[in-house]
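K.L.:
Below is the sequence, then the predicted model.
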Amino acid sequence: AAAPRVLSGIQPTAGSFQLGNYLGAVKQWVAMQDDHDAFYCVVDLHAITVEQDPKELHANTLLAYAQLLAAGVDPDRATLFVQSQVPEHAQLGWVMQCITGFGEANRMTQFKDKSARGGSDHASVGLFTYPILQVADILIYQADAVPVGEDQRQHLELTRDLAQRFNSRYGTTFTVPQPFIVKDTAKILDLQDPTAKMSKSLPHGAVFLLDDPKVIAKRLKSAVTDSETEVRFDPDTKPGVSNLLTILGAFTGRDVESLVLDYDGKGYGALKGDAAEAVVAFAQPFAARVAELQADPAELTRLMGAGAAKAQAVASTTLATVYERMGF
Ligand code: ADP
Ligand code: NA
């Protein structure tokens, strides 16, 4: 049987990936490309649901693409592309909007969360309908599975509903994708407030992989822990220490139980120092590779074009069927 097809996207808004982006998403992308037919995209169309500076958006898109390559996404084994370069996403997105009920779209909780600050009157209609563009991102490739976190579950349910609706109205056209719960996906916590998820929007508690190694090491060494001294993995009562163990384990490939034994009789300082060393050992060559890729924008542009062509070969086939079924 053919390898199952997966689709995943990442927004280009981040400058440097933070540790959580890498361990929680990109590392899994790299792992999945071997036994999946993987389609990975930088979702710049999603980025414009909030206002973007065009120059910055362009630079961030190149940077995100370069970081994915540097992290190990292999354009020969995966299809790595930029969403706006494959217009079928937006074309299918419109079709999908037209078979979505307004009430159904209105039940997507992320719009309420994301528009809460400015008020929904100031949010764009694109922010309201972006889950439907996400539906198109998935269905246009006939993806069998989509790696999803808890916050994306509702959108995958919408994807399945719309695929089934289209199939029953117009004849079987789309693969109905399954959620793909990625095992061992680390949830990385904020280093200064280990009750929160690490995020680029909380920059003081985040580790940015393109930062200077000294800055990275300092961030880890000044991580907030607790008033005890014993290194134990207990996310509920010792979130800071457990977070450091998760990070160290992820970068050294060691399981947390065996790591804990190493720190018997040692304090938190040793754990922090080792975590710092392990992150820097990854971040240094990563940053060097990103710099190399950025120094050759023509090659980056060539890779993006080749990725878009590979993606479009699939996307245009799906869209042609959709248009024909709908009477266009
Ligand atoms: P940020 O919170 O930095 O803005 P995004 O929301 O853009 O990150 O997320 C990009 C990807 O990285 C998503 O797949 C998300 O699940 C993952 N991710 C982000 N932060 C973390 C984290 N702290 N732990 C695990 N995964 C994370
Ligand atoms: Na976020």
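P.N.:
Now that the structure is in, tell me what you want to look at. Ligands and ions are numbered 1, 2, ... in the order given.
K.L.:
Mind telling me what element the residue in the stretch 201-328 of the chain positioned nearest to ligand 1 is part of?
P.N.:
Here the stretch 201-328 of the chain gets closest to ligand 1 at one residue, residue 201, 5.7 Å apart by CB to the nearest ligand atom. Any C-beta I mention is one placed from the backbone N, CA and C, and that applies to glycine too. In the assignment (DSSP states H and E), residue 201 maps to no helix and no strand.
K.L.:
Break down the protein into its helices, ranges please.
P.N.:
Using DSSP state H, the helices of the chain run over residues 19-21, 27-32, 44-47, 54-71, 88-98, 102-106, 109-115, 125-139, 153-170, 213-221, 239-252, 256-262, 268-294, 297-326.
K.L.:
The fourth one vs ligand 1: in contact?
P.N.:
No - on the criterion CB under 6 Å from any ligand atom, helix 54-71 is out of touch with ligand 1, staying 9.9 Å away.
K.L.:
Over to the third one?
P.N.:
No - no part of helix 44-47 sits close enough to ligand 1 to count as contact by CB under 6 Å from any ligand atom; the gap is at least 10.0 Å.
K.L.:
roughly how far out does that helix sit from the chain middle?
P.N.:
13 Å (CA atoms, centre = their mean, to the nearest Å).
K.L.:
What are the contacting residues of that helix?
P.N.:
9, 11-13, 57, 60-61, 82-84, 89-90, 130, 133-134 (CB atoms under 8 Å, 6 or more residues apart in numbering).
K.L.:
Among these, show me the least confident.
P.N.:
For the contacts of helix 44-47, the weakest pLDDT value sits at residue 13, with 75.
K.L.:
what about that residue, distance to residue 51?
P.N.:
In this view, residue 13 and residue 51 are 11 Å apart by CB to CB, to the nearest Å.
K.L.:
Need the pLDDT of residue 183.
P.N.:
pLDDT, read off for residue 183, is 65.
K.L.:
Same question for residue 186.
P.N.:
Predicted confidence (pLDDT) for residue 186: 77.
K.L.:
What count of nearby residues applies to it?
P.N.:
17 (other CB atoms under 10 Å).
K.L.:
returning to that earlier point: neighbour-wise, which of residue 13 and residue 51 wins?
P.N.:
residue 13 (17 against 8).
K.L.:
and that one, what does it touch?
P.N.:
Neighbours of residue 13 in contact, by CB under 8 Å, 6+ apart: 47, 52, 60.
K.L.:
switch to 10 Å and redo it
P.N.:
Contacts here follow CB atoms under 10 Å, 6 or more residues apart in numbering; on that basis residue 13 touches 43-44, 46-47, 50, 52, 56-57, 60-61, 64, 200.
K.L.:
And residue 258, by the same measure?
P.N.:
residue 249.
K.L.:
how near is it to residue 199?
P.N.:
Using CB to CB, one gets 29 Å for the distance from residue 258 to residue 199.
K.L.:
Next: residue 125.
P.N.:
26 Å.
K.L.:
quick one, which of these two is more surrounded?
P.N.:
residue 199 (15 against 8).
K.L.:
Just the endpoints, please. Distance across stretch 32-43?
P.N.:
19 Å (CA to CA, to the nearest Å).
K.L.:
Show me which positions of it end up buried.
P.N.:
The neighbour-count check on stretch 32-43 (16 or more other CB atoms under 10 Å) flags 32-33, 36-43 as buried.
K.L.:
for the one residue in the chain that gets nearest to ligand 1, what are its contacts?
P.N.:
Using CB to the nearest ligand atom, the closest approach of the chain to ligand 1 is made by residue 24 at 1.9 Å. The contact partners of residue 24, by CB under 10 Å, 6+ apart, come to 18, 149, 182, 185-188, 197-198, 250.
K.L.:
Of the residues you listed, which are in range of ligand 1?
P.N.:
Okay, of the contacts of residue 24 touching ligand 1 (CB under 6 Å from any ligand atom), that's 18, 149, 186-188, 197-198.
K.L.:
Now the two most distant members of those.
P.N.:
18 and 149 (15.4 Å; CB to CB).
K.L.:
Next to ligand 1 in this structure, residues from this protein, please.
P.N.:
So the chain meets ligand 1 at 10-11, 14, 18, 20-21, 24-25, 149, 186-188, 197-201 (CB under 6 Å from any ligand atom).
K.L.:
Now the buried members of those residues.
P.N.:
So, by 16+ other CB under 10 Å, the buried ones in the residues of the chain next to ligand 1 are 10-11, 14, 18, 20-21, 24-25, 186, 188, 197-198.
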